[in-house]
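Q: build me a model from this:
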Amino acid sequence: MRYLSVFFLSIIFSTIVSAQYWDSRRQCIVGPSGDCVSNTLLTALPFLRITPDARSGAIGDAGVALSADPNAMHHNAARLAFAEDDLAISATMSPWLRNLGIDDIYLFYLSGYYKIDKLQSTGMACRFFSLGSIDFKDENGNDLGVGRPFEFEIAGAYSRKLSDKLSTSLTAKYAQSSLASNRSIGGTQIIPARTFAADLGVFYKSKMGASGRSNYLSLGAAITNLGAKVAYTKTATRDFIPTNLAIGGNYEMNFDDYNTLNVIAEINKLMVPTTIPFGDSLRFDANKNKIADYREKSLFDGILGSFSDAPGGFTEEIQELMYSIGLEYWYDKQFAVRMGYFHENALKGNRKFFTLGCGVKYNVFGINLSYLVPTNITRSPLANTLRFSLIFDFGAFKAESTE
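A: The predicted model follows:
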């Protein structure tokens, strides 16, 4: 962490070059050694894609089609229109990089919703990502003082039922990343990266089965972080924020009055331009201005073109999909046990991990816990870390007081 200034220098000024090219026969980017290397999608403000709540964190980071709770603000605010309670608030604390013995880096997420009537709900959320204390140094190793970089997001949402089975939502948000503000590198002043963005969501829930005890099928889709590109200097090329498309489903099976099992699946796709390897001279910098062409794309050109711009065509586009599956078992709607799995292609980030968790709900109070277990050498910042969320259901408190 001491040499963060070098990291900023590489991001802001540059495209680091190496002898890489796309091998059509092996369907991968080949590095100087002749081996396939990662071609991970790169964005600014990646903290916007961190799953903030322990419930989703226990089922492979899936959340676009779950039952309504305050943390729907991150995944799909359209879920809020189907909330059973009038008012609820959730707070989640996620320690970061605890495996390295670092105790001052964490993500805090506060979210809540209010149900206006049977058709409409509103929600708000605040995310704060503390990056701890960092000793800044220049290129020669001279001390530049201590900084406390941070990132945050504020969001507000409106969700409405269009029918008994279908709802939609619109979320507006402001995000800021202050990584090295009021400092300069190579004579260039560093400024906070700021942007406004929006989320669009849709949610469908329907009973399954003509007779007997009802099961439910829930389907959800959301485009999140649809917003302007950002930069950390006034002169640097702006970079895309992590606009994401999520599509998922949840099949709820009610075996009797006490036992319920949710089977959950979700697919995510970052809607940002695919990184072009330096060795592909025809597409890396066709205009010869020493800036990668994929970084110079306009907002909508980059988003809409993200489904067909990979050097490897359809094969590489499929590699960019991320998959989540999970199981959630409830006993008497008060005690939950969860497990899940997250998979990302080895050439697109290589994140693969199991998740475990549990939850307890009693009257107005609920708590969810989650634990992440990596399954490969690509270590997650949340590896072997216990996360917890607290939920306060004020609607249930009101119901109790009137009895």
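
Q: could I get the contacting residues of Val272?
A: By C-beta atoms under 8 Å, 6 or more residues apart in numbering, the residues touching Val272 are Leu41, Leu42, Thr43, Phe240, Pro242, Thr243, Gly302, Ile303, Ser306. Quick note: C-beta positions are derived from backbone N, CA and C, even for glycine.

Q: what's the PyMOL line that selects buried ones from these?
A: Command for PyMOL that selects the buried part of those, burial taken from 16 or more other C-beta atoms under 10 Å:
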select buried, resi 41+42+43+240+242+243+302+303+306
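
Q: looking at the contacts of Val272, which is nearest Arg127?
A: Pro242 (13.2 Å; C-beta to C-beta).

Q: wait, the closest one touches Leu42, no?
A: No. Look at Pro242 against Leu42 with C-beta atoms under 8 Å: they stay out of range, at 9.7 Å.

Q: end to end, how far does stretch 53-71 reach?
A: 6 Å (C-alpha to C-alpha, to the nearest Å).

Q: and what of stretch 206-220?
A: Start-to-end, stretch 206-220 (C-alpha to C-alpha) is 12 Å.

Q: then stretch 315-332?
A: Its start and end residues considered, stretch 315-332 measures 45 Å (C-alpha to C-alpha).

Q: if you count neighbours, what's buried in that stretch?
A: Buried residues in stretch 315-332, counting neighbours by 16+ other C-beta under 10 Å, are found at Glu316, Glu317, Gln319, Glu320, Met322, Ser324, Ile325, Gly326, Leu327, Glu328, Trp330.

Q: quick one: which of these sit in helices?
A: Judged by DSSP state H, the buried residues of stretch 315-332 include Glu316, Glu317, Gln319 as members of helices.

Q: just to revisit the earlier point, among the contacts of Val272, which pair sits farthest apart?
A: Greatest spatial distance in the contacts of Val272: Leu42 and Ile303, 14.9 Å, computed using C-beta to C-beta.

Q: returning to what we had before: can you add pLDDT and give the ones in helices among the buried residues of stretch 315-332 back as TSV?
A: Output for these, formatted as TSV (pLDDT from 0 to 100):
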residue	pLDDT
Glu316	88
Glu317	92
Gln319	92
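
Q: nearest residue to Leu179 other than its sequence neighbours?
A: Of all residues not flanking Leu179 in the chain, Pro149 sits nearest, at 4.4 Å (C-beta to C-beta, 6 or more residues apart in numbering).

Q: contacting residues around the one you found?
A: Shown in contact with Pro149 (C-beta under 8 Å, 6+ apart): Leu4, Leu131, Ile134, Ser178, Leu179, Ala180, Ser181.

Q: where does the nearest residue in space to Lys297 that is not next to it in sequence fall, secondary structure wise?
A: Using C-beta to C-beta, 6+ apart and skipping residues adjacent in sequence, the residue nearest Lys297 is Pro273, 5.5 Å away. Using DSSP states H and E, Pro273 sits in no helix or strand.
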